[in-house]
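Engineer: Sequence and computational prediction follow.
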Amino acid sequence: MSERKTKETWKDRRINRIREENKVVIVWAKHKDPKRNNMIYAFTQDLSIDGAKILTDINFPVDTIFDITLTLSRSMQIITLAAHVRWVKPVYDEDLFHVGLEFIHERPQTISSLIRHLYGKDLPQDKSL
C-alpha cells in the first residue's frame, strides 16, 4: 500500500470517529473472576460504525474476539455485537487500558442503529430482519 493511501485511510478513519462516552459490557469466557460472572465493564472513548476505543481495567490479548453490549446514551439504544481487539495501550501506570475494537457486524440492525446514533439519520426499517 502506498504511503499516500495509508495516510488517506487513517485520516478518513479519524474523521468518522465521534468522541463520546457510552457504557460497554463485555462477555469474555476466558475472564475467570467469579465476582464478575465473565462480564467486564468499560466505557467508549470514541465510536464509529466500524469500531470503538474503550477504556477498561483488563489488558486483553490482541486478536481476542468477544461479545459486547453498547448502551448508546444519546440515542437511548442498546446494541449487541461481536468485537475484535486490534490494539491495546496501557494508561495510568497500567491500571487501565485503551483498547481498539473492530466491530464484527453480523446483523444489519446493528449498523442501522449505529448510523442513527452517530449521524441522527432515520433509516427505513426492514421488517424482515
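Structural biologist: Good, I have the coordinates.
Engineer: any weak-confidence spans in this structure?
Structural biologist: For the chain, the stretches with pLDDT under 70 are 1-15, 31-36, 121-129.
Engineer: If we use 50, what do you get?
Structural biologist: 1-11, 126-129 (pLDDT under 50).
Engineer: What segments of this structure are helices?
Structural biologist: Assigned by DSSP state H, the helices in the chain fall at 3-15, 108-119.
Engineer: helices and strands around the last one, which ones?
Structural biologist: Right, the one you point to is helix 108-119. strand 65-72, strand 77-91 (3 or more CB pairs under 8 Å, 6 or more residues apart in numbering; DSSP states H and E). For the C-beta atoms, the positions are set from N, CA and C on the backbone; glycine is no exception.
Engineer: Point out the most buried one among the ones you listed.
Structural biologist: Burial of the helices and strands packed on helix 108-119 is given as mean neighbour count (mean count of other CB atoms under 10 Å); strand 65-72 ranks first at a mean of 17.
Engineer: what's that strand in contact with?
Structural biologist: Contact with strand 65-72 is made by 22-29, 44, 47, 52, 77-85, 101, 104, 113-114, 117, as judged by CB atoms under 8 Å, 6 or more residues apart in numbering.
Engineer: mind listing what that strand pairs with, with the direction of each?
Structural biologist: Here strand 65-72 has these sheet partners by DSSP bridges: strand 23-27 (antiparallel), strand 77-91 (antiparallel).
Engineer: Can you check what angle separates it from helix 108-119?
Structural biologist: 50 degrees (axes from the mean of the first three to the mean of the last three CA atoms, to 10 degrees).
Engineer: Just give me how far strand 65-72 sits from the chain centre.
Structural biologist: Distance, stretch centre to chain centre, for strand 65-72: 7 Å (CA atoms, centre = their mean, to the nearest Å).
Engineer: same question, stretch 76-85
Structural biologist: 6 Å.
Engineer: Fine by me, thanks again.
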